[in-house]
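Chemist: After the sequence you'll find the predicted model.
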Amino acid sequence: MPDLITYFAANAPQHLDLEASPPVIIGFDRTPVAFSGAAGLVYLRILSDRVADWTGIPGVTILAQSPCTGPDTPDDVYATLFADAAMTALYDAVYDRTPVEVDDGAGGTVTVTPPERFGQMG
């Protein structure tokens, strides 16, 4: 994330609140970020005129995208993502969808399966 902050400070300061500590990337709506080491995953919803701001930023990989066409847009985005094995591998490297066994509090276990679709609003 520090590289992204540095990039925005130099190239898109309108997307950076440097008075916050630590600095905060602003100017778009997003869901919480999933992290794995230095990698982060964001389901980003932006207007079409903002797409160019994100395309080609060093350190940012767009796994999938689709124009907003209504309530089915997330289906389009995830269909595109999961149809591409390389992008799905990047997704899985950050957002682990592997079912895990957890203590149920009563001496047993229960299987918890993370949702397949990180960041999708209900």
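Modeler: Perfect, I can see it now.

Chemist: Centre of the protein to the edge, which residue is at the far end?
Modeler: Gly107 (35.7 Å; Cα atoms, centre = their mean).

Chemist: Just want to check the distance between it and Pro99.
Modeler: Using Cβ to Cβ, to the nearest Å, Gly107 is found at 20 Å from Pro99. C-beta coordinates here come from the backbone N, C-alpha and C atoms, glycine included.

Chemist: What of Leu90?
Modeler: Taken as Cβ to Cβ, the span from Leu90 to Pro99 is 21 Å.

Chemist: His15 too?
Modeler: Between His15 and Pro99 the computed distance is 37 Å (Cβ to Cβ).

Chemist: With neighbour numbers in mind, choose between these two.
Modeler: A side-by-side neighbour count of His15 and Pro99, using other Cβ atoms under 10 Å, places His15 first with 18 against 9.

Chemist: just checking, that one touches Ile26?
Modeler: Yes: if you go by Cβ atoms under 8 Å, His15 and Ile26 touch, sitting 6.0 Å apart.

Chemist: For the chain, give me the ranges with low pLDDT.
Modeler: By pLDDT under 70, the weakly predicted segments of the chain are 1-2, 27-32, 120-122.
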